[in-house]
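Peer 1: Provided below are the primary sequence and the corresponding predicted coordinates.
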2 protein chains.
Amino acid sequence: MKLYNYFRSSASFRVRIALELKGLAFDYVPLHLVRAEHLDASYASRVGDPLVPALETDDGHLLTQSMAIIEYLDETCPEPALLPADALGRARARALAEMVACEIHPLNNLRVLKYLKHDVMLDESGKDAWYRHWARSGLEAYERQLKLLAEERAAAGLAASVYSVGDTPTLADCCLVPQIFNAQRFHVDLEGLDLVMATFKACMALPAFQRAQPSACPDAEA
Amino acid sequence: MKLYNYFRSSASFRVRIALELKGLAFDYVPLHLVRAEHLDASYASRVGDPLVPALETDDGHLLTQSMAIIEYLDETCPEPALLPADALGRARARALAEMVACEIHPLNNLRVLKYLKHDVMLDESGKDAWYRHWARSGLEAYERQLKLLAEERAAAGLAASVYSVGDTPTLADCCLVPQIFNAQRFHVDLEGLDLVMATFKACMALPAFQRAQPSACPDAEA
C-alpha cells in the first residue's frame, strides 16, 4: 500500500495511526500541501478531490477521505479492531470521530484559513480567533460527550474508559489525537478538558501513536 | 424511536432519508434551530453537543452525528442495505458521503454563518460568496469523483451507476440530496454538474426521498 500524505495534515495523521495500530506496512508518499504538490495534475486527476490523505491499495485502487479509509482498513484487516464489537459502541466511536472530522477540522484546515486570509481579508488575529473558537468549542463538546459516556458506563457498573470508547483505541482516538496536536500548535486553550487530555495521554503512551506523529514522518520539518 | 430534528437541517434530512428507505417508524420531535430550541438544557445536557439530529433508540440511548446514526441503523436493521456489500464499494460510498459531511456542510451550517455575520462582521454578499464557494467547489469535486467511478465501472465492464455508488441508494445519496436542496435554496450555480444532478433526480424519484424532504416535515415552514 501507498499512503499519499503530508506530515502536518491531521487527516493524514489519522490514517497513519490506524496503519500503525494494525501493524500494516506502507510506502509513505509525501505531498507538500503548502507547496501545493497535491494540486499537481498527476495526483489531482487520480483522486478527484485533491486532498490528502489517499491510500493506494495493492491492487491499484485509490481511496480517499480519512474515515472511509480507516473503515476500509478495519474491514479488510480486522485485527486489532478500531471499532467496538457492538452497534451502540460503534455508534459512540463514530460519533466522536465525526465530532472532530465534521465539526472542528473542516473549519480549520489550510484551504479554509487561506480563504479567510485572501478572500474574507481577515487579519492574523481574526484568523487566530476563528481557529481557536472552533477548536475550543468542538473539544469542549467532545469533553461533555466523554463525560456522558463515563456516566453511562458507571450506571452499567463499568469502569471508566481508558481511550475515547473502551479499553482499546478506536476510530475516535485516530481523529482526536491529531486534533490535539493541531490545537497545541495553534495555542488553543486546553485547560479544563480533563477527560480529553487523559485520553490523549493514554494514546500517546502507545508506540503506534508515537510512530504516526508528524515529527516521526520522513517529510517532517522543524 | 424518536428523531430530534429540524425540517431545514440537512444533517437531519440525511437521517430521515435513511429511516424512510428502511421503512422504520419514528416519532418526529421538532427542535427549531433558529429559535435555538436545541440549546435548551433539557436537550443539550443529554446530547453533549447541542446539534440536530439525535436519534433516541427504543431502549433510551441517545445517538448523535448523522453518519454514525445511519451506520447504526444499517447495522441494526440491515435491509435494504445503505452500503455496498464489498469493502471497496463501502469505501467509495463513505468517501462520497464524507465529501459532503466533512468538506461542504460544516462550512455552511447555521452556526458558522452566524459567526461570519456577528464575529467576522461579514456582510450579506460576503456571506453568500462564502456559501457558494464551498458548496460549488465541493459539488464539483463530487462530480469529478462520480466521473472517476463511472470510468472505473466502465473499465470493469459495468453499466453506469444509477445512484452515487451502484443501483441502490447508499449513505452517499443520504448526504448528497440534502446538500443539493441547500444549494438550490442558496442559489448555488449547479450548471455542468451533470452526474451529480442525474443522481439527485434518480433519488428524488423514490418515495422515501420525497417523504423525507423538508416540505414534508411536520414543522415545515414556507
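Peer 2: Good, I have the coordinates.

Peer 1: mind listing what residue A:219 touches?
Peer 2: For residue A:219, the contacting residues are A:6-7, A:28, A:30, A:32, by CB atoms under 8 Å, 6 or more residues apart in numbering or on different chains. (Each C-beta comes from the backbone N, C-alpha and C, glycine too.)

Peer 1: farthest pair within these?
Peer 2: Pairwise distances across the contacts of residue A:219 peak at 13.0 Å for A:28 and A:32 (criterion: CB to CB).

Peer 1: which one of the contacts of residue A:219 is nearest residue B:170?
Peer 2: residue A:6 (29.4 Å).

Peer 1: hmm, the lengthiest helix in chain A in reach of chain B?
Peer 2: Using DSSP state H, we find that the single longest helix of chain A is helix A:124-155. Yes. Counting by CB under 8 Å from any CB of the partner chain, chain B is contacted by helix A:124-155 at A:126, A:129-130, A:133, A:141-142, A:144-145, A:147-148.

Peer 1: who does that helix touch, helix- and strand-wise?
Peer 2: For helix A:124-155, the packing partners by 3 or more CB pairs under 8 Å, 6 or more residues apart in numbering or on different chains; DSSP states H and E come out as helix A:87-98, helix A:105-108, helix A:110-118, helix A:171-185, helix A:194-204.

Peer 1: indicate which one of those is closest to residue B:43.
Peer 2: In terms of CB to CB, the element of those nearest to residue B:43 is helix A:87-98, at 15.9 Å.

Peer 1: what comes up buried for that closest one?
Peer 2: Using 16 or more other CB atoms under 10 Å in any protein chain shown as the test for burial, helix A:87-98 gives A:87-88, A:90-98.

Peer 1: packing partners for that helix?
Peer 2: Counting contacts by 3+ CB pairs under 8 Å, 6+ apart, helix A:87-98 is packed against helix A:124-155, helix A:171-185, strand B:62-64, helix B:66-76.

Peer 1: mind listing the strands the third one pairs with, and their directions?
Peer 2: In the sheet, strand B:62-64 lines up against strand B:54-56 (antiparallel) (DSSP bridges).

Peer 1: roughly how far is the partner strand from the heart of the chain?
Peer 2: In terms of CA atoms, centre = their mean, to the nearest Å, the centre of strand B:54-56 is set 16 Å apart from its chain centre.

Peer 1: now the farthest one out in chain A, which residue is it?
Peer 2: Going by CA atoms, centre = their mean, the residue of chain A most distant from its centre is residue A:157, 30.5 Å out.

Peer 1: so that residue: helix, strand or coil?
Peer 2: Three-state call for residue A:157 (DSSP: H, G, I helix; E, B strand; the rest coil): coil.

Peer 1: pLDDT-wise, which helix or strand of chain A ranks last?
Peer 2: helix A:41-47 (a mean of 88; mean pLDDT, DSSP states H and E).

Peer 1: residues making contact with it?
Peer 2: A:4, A:31, A:37-38, A:50, A:54, A:62, A:64, B:148.

Peer 1: farthest-apart pair in these, please.
Peer 2: Spanning the widest gap among the contacts of helix A:41-47 are A:37 and B:148, at 19.9 Å by CB to CB.

Peer 1: that older thread, now, of the contacts of residue A:219, which are buried?
Peer 2: Buried, going by 16+ other CB under 10 Å: A:6-7, A:30, out of those.

Peer 1: list the residues that contact the most centrally placed residue in chain A.
Peer 2: Residue closest to the mean C-alpha point of chain A, counted by CA atoms, centre = their mean, is residue A:175 at 2.9 Å. Contacts for residue A:175 (CB under 8 Å, 6+ apart) come out as A:14, A:66-67, A:96-97, A:100-101, A:105.

Peer 1: so which of the helices and strands packed on helix A:87-98 comes closest to residue B:24?
Peer 2: Per CB to CB, nearest to residue B:24 of the helices and strands packed on helix A:87-98: helix B:66-76, 7.1 Å.

Peer 1: does the closest one reach chain A?
Peer 2: Yes. Using CB under 8 Å from any CB, helix B:66-76 comes into contact with chain A via B:67-69, B:71-72, B:75-76.
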